[in-house]
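Enquirer: What would the 3D arrangement of this be:
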Amino acid sequence: MAEREIQGVIFDMDGLLVDTEKLYNRFWREAAHDFGYEMTYEDALSIRSLTPAYAAELLKKRFDSAFPYDAIKEHRRVIMQEYIDREGVEPKKGAAQLLKYLKDHDYRTALATASPLRRAKRYLDSIGIWEYFDVKVGGEEVHLGKPEPEIYLKAVHKLGLNPEQCIALEDSPNGIMSASRAGCRPVMVPDLDEPDAQTGKLLYACVPSLEEVIILLKE
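Expert: Got it, this is the predicted structure:
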């Protein structure tokens, strides 16, 4: 039997496996408001999956050079975590189903998240899917976060595969750019927005839910 083209599947986390991107958006806006800045939904969306240095630069341009990015981010982290401690996190539709399929069919799996692995484990353990991943890469392991390719290159290396043997599942344009730059096959599963024209040019595929990835792999 010929070796199949796709050997590995690399997952983002927020907005893809857990329904947390809506919380990041909400609590970025609330935290900024507490500091006297009126951040819009679109402002918060623009920094989704963006490495902190780039996010800080973007927000300073949007507001002013004195925008206290680090202080607002820490406040956002605290109030969002308080909410999650009370309410928990929700899995995205099809997450467990897809991961079980991949395990049953001997695909290699990796987690590539900008979040610290400590937080990722807490979230993914709570919905019963942490142990499905063969390797994990967290934000603390990379020097240059998304949209730079480092996190995907590290995940591919840990999997022992070549980038072109891996599809990368992402919900955000910055994540898609990161995966594309690494040479992976980017697949978008839209969460808060659909791919724009620039993102669309980078895609291997775009599917409406994680369940549809199974169909993509069968084709």
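Enquirer: Scan the chain for its longest helix.
Expert: helix 69-87 (DSSP state H).
Enquirer: pLDDT on that helix, on average?
Expert: Regarding helix 69-87, the rounded mean pLDDT is 96.
Enquirer: mind listing what's buried in it?
Expert: Neighbour counts over helix 69-87 (16 or more other CB atoms under 10 Å) mark 69, 72, 73, 75, 76, 80, 84 as buried. Where you see a C-beta, it was placed from the backbone N, CA and C, and this is true even at glycine.
Enquirer: Please state the backbone phi and psi of the residue lying closest to residue 214 once chain neighbours are set aside?
Expert: Leaving out its chain neighbours, the residue that sits closest to residue 214 by CB to CB, 6 or more residues apart in numbering is residue 101, at 5.1 Å. Dihedral pair for residue 101: phi -60, psi -50, per degrees, to the nearest 10.
Enquirer: I'd say residue 101 and residue 216 touch.
Expert: No: between residue 101 and residue 216 there is no contact under CB atoms under 8 Å: 11.3 Å.
Enquirer: Those two: which is more packed in?
Expert: Ranked by neighbour count (other CB atoms under 10 Å), residue 101 and residue 216 place residue 101 first, with 18 against 14.
Enquirer: Point out where the chain drops to low pLDDT.
Expert: Across the chain, the ranges flagged by pLDDT under 70 are 1-2.
Enquirer: any idea how it splits into domains?
Expert: As assigned by automatic domain parsing, the chain contains the domains 8-19+90-218, 21-87.
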